[in-house]
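Asks: Provided below for reference: sequence and predicted model.
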Amino acid sequence: MARVYVSEGTGKITVNKKEFTTYFPTATLQYKVMQPMSMTENATNFDVKVNVYGGGTTGQAEAVRMAIARAMCEVEVENRAILKPEGLLTRDPRMVERKKFGQKKARKRFQFSKR
């Protein structure tokens with residue numbers, strides 16, 4: 001889950017009080033975070049502060065990307081036509097499958113040993 005605060009500025013992105021390049025060390029994750037800003041040509045117009053928690057690094061990067069994309073749509077309505085076809089405003093519907101009774105996990109069974 002990501003919460004984004006956008007303000008006029010120079011293009012600085014802070015994630016959990018750290019620079020986003022240190023929080024997301026790989027180039028692919030940094031690209032995902034910057035994607036909505038660069039597509040709407042607002043990479044140097046706004047400062048972004050993000051609070052994100054839960055999931056792994058890839059899930060957090062995608063949550064930040066969606067939150068920034070939604071914020072760019074709030075800033076200017078025309079940005080929606082740019083971001084929607086790329087799928088940046090679509091929530092990922094996948095959820096964790098629940099553990100079933102009598103099994104070790106959701107799909108994994110207890111090991112059967114014949115002695």
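Replies: Yes, it's here. The shown structure was predicted, so the numbers you read here are calculated from the model rather than taken from an experiment. Numbers count the residues shown, from 1 in each chain.
Asks: next secondary structure element downstream of the lengthiest helix in the chain?
Replies: Assignment by DSSP state H gives helix 57-75 as the longest helix of the chain. Following helix 57-75 in sequence order, the next helix or strand is helix 79-83 (DSSP states H and E).
Asks: list the buried residues of that next one.
Replies: 79, 80, 82, 83 (16 or more other Cβ atoms under 10 Å). Bear in mind the C-beta positions are built from the backbone N, C-alpha and C, glycine included.
Asks: how close does the first one get to residue 100?
Replies: I take that to be residue 79. Plainly put, residue 79 is 44 Å away from residue 100 if you go by Cβ to Cβ, to the nearest Å.
Asks: for residue 90, same thing?
Replies: Per Cβ to Cβ, residue 90 is found 29 Å from residue 100.
Asks: equivalent analysis for residue 57, please.
Replies: 29 Å.
Asks: in space, what's closest to residue 3 - neighbours in sequence excluded?
Replies: Nearest non-adjacent residue to residue 3, counting by Cβ to Cβ, 6 or more residues apart in numbering: residue 51, 4.6 Å away.
Asks: likewise for residue 47?
Replies: residue 9 (3.0 Å).
Asks: give me the neighbour count for that neighbour.
Replies: By other Cβ atoms under 10 Å, 13 other residues sit near residue 9.
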